[in-house]
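Asker: sequence first, predicted coordinates after that:
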Amino acid sequence: MLGFDVIGLDLQGHGRSEGWRRRRCVVRALDDFAADLLLLLKLVKTEYRHQQQQQQQQQQEVVVLLQQKEQIHTQMQHTLDIVKDMQQQEQEQKENYMQQQQQQQQQQQQQEHKDMQQQEQEQKENYMDIVKDMQQQEQEQKENYRGKKKIRLCFSSGYRLGGGWR
């Protein structure tokens, strides 16, 4: 009696009308019992196959999901690598630009310094030329003054220039 309950047969009941799971029947003949037993075995086989198919489908779905997830992960990782590379390139470009700006400023300052030195040198040369010219003019004026003095000395005897005799 105990074994019949395990496979779903109950010796007490009222017919075969209560479904496949807990099949209740009254065993009246050994043929009925064998037929019921075969039906139960077929049911177990089909349910086992169905469960196996469901498990395989679930496993395949899980594998597909994992593959999709891995693809998404690799795509994201690839995108992140590209973004990192772009950030590095941007940083390098910024550094290069800053270095170029500094170099240009230094060159401009050096050029301005050279220009200022050149202007100062030209101003000094012009000043020196002016000083030389002034010295020459002064020298000429001194020579002219000395020459006039001599001329005056020569004419001091009585004749004045433009004034006649004294």
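Answerer: Structure's in. What do you need? As the structure is a computational prediction, the values presented were derived from the model and not from experiment.

Asker: what comes up buried for stretch 34-51?
Answerer: The neighbour-count criterion (16 or more other C-beta atoms under 10 Å) identifies residue 36 as the buried residues of stretch 34-51. Any C-beta I mention is one placed from the backbone N, CA and C, and that applies to glycine too.

Asker: CA atoms only: put that stretch into PDB for me.
Answerer: Only the C-alpha atoms of stretch 34-51 are listed here, as PDB (Å, rounded to 0.1, in the frame of the first residue of the first chain):
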ATOM      1  CA  ALA A  34      -0.500  -2.100 -15.600                       C
ATOM      2  CA  ALA A  35      -2.200   0.400 -17.900                       C
ATOM      3  CA  ASP A  36      -2.200   3.100 -15.200                       C
ATOM      4  CA  LEU A  37       1.400   2.400 -14.400                       C
ATOM      5  CA  LEU A  38       2.400   2.700 -18.100                       C
ATOM      6  CA  LEU A  39       0.500   6.000 -18.400                       C
ATOM      7  CA  LEU A  40       2.200   7.300 -15.300                       C
ATOM      8  CA  LEU A  41       5.600   6.300 -16.700                       C
ATOM      9  CA  LYS A  42       4.800   8.000 -20.000                       C
ATOM     10  CA  LEU A  43       3.700  11.100 -18.100                       C
ATOM     11  CA  VAL A  44       6.900  11.100 -16.000                       C
ATOM     12  CA  LYS A  45       9.000  10.700 -19.200                       C
ATOM     13  CA  THR A  46       7.200  13.500 -21.000                       C
ATOM     14  CA  GLU A  47       7.400  15.800 -18.000                       C
ATOM     15  CA  TYR A  48      11.100  15.000 -17.600                       C
ATOM     16  CA  ARG A  49      11.700  15.700 -21.300                       C
ATOM     17  CA  HIS A  50       9.700  18.900 -21.000                       C
ATOM     18  CA  GLN A  51      11.700  20.000 -17.900                       C
END
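
Asker: average pLDDT across that stretch?
Answerer: Mean per-residue pLDDT for stretch 34-51: 85.

Asker: repeat that for stretch 82-102.
Answerer: If you average the pLDDT over stretch 82-102, you get 94.

Asker: pull it out as PDB, backbone CA atoms only.
Answerer: The C-alpha coordinates for stretch 82-102 follow below in PDB (Å, rounded to 0.1, in the frame of the first residue of the first chain):
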ATOM      1  CA  ILE A  82      38.700  55.200 -26.900                       C
ATOM      2  CA  VAL A  83      37.500  57.900 -24.500                       C
ATOM      3  CA  LYS A  84      40.700  57.400 -22.400                       C
ATOM      4  CA  ASP A  85      42.800  57.700 -25.600                       C
ATOM      5  CA  MET A  86      40.900  60.800 -26.600                       C
ATOM      6  CA  GLN A  87      41.400  62.400 -23.200                       C
ATOM      7  CA  GLN A  88      45.100  61.600 -23.300                       C
ATOM      8  CA  GLN A  89      45.400  63.100 -26.800                       C
ATOM      9  CA  GLU A  90      43.400  66.200 -25.600                       C
ATOM     10  CA  GLN A  91      45.700  66.600 -22.600                       C
ATOM     11  CA  GLU A  92      48.800  66.200 -24.900                       C
ATOM     12  CA  GLN A  93      47.400  68.800 -27.300                       C
ATOM     13  CA  LYS A  94      46.700  71.200 -24.400                       C
ATOM     14  CA  GLU A  95      50.200  70.700 -23.100                       C
ATOM     15  CA  ASN A  96      51.700  71.200 -26.600                       C
ATOM     16  CA  TYR A  97      49.600  74.300 -27.100                       C
ATOM     17  CA  MET A  98      50.600  75.700 -23.800                       C
ATOM     18  CA  GLN A  99      54.300  75.000 -24.600                       C
ATOM     19  CA  GLN A 100      53.900  76.700 -28.000                       C
ATOM     20  CA  GLN A 101      52.300  79.700 -26.400                       C
ATOM     21  CA  GLN A 102      55.100  80.000 -23.900                       C
END
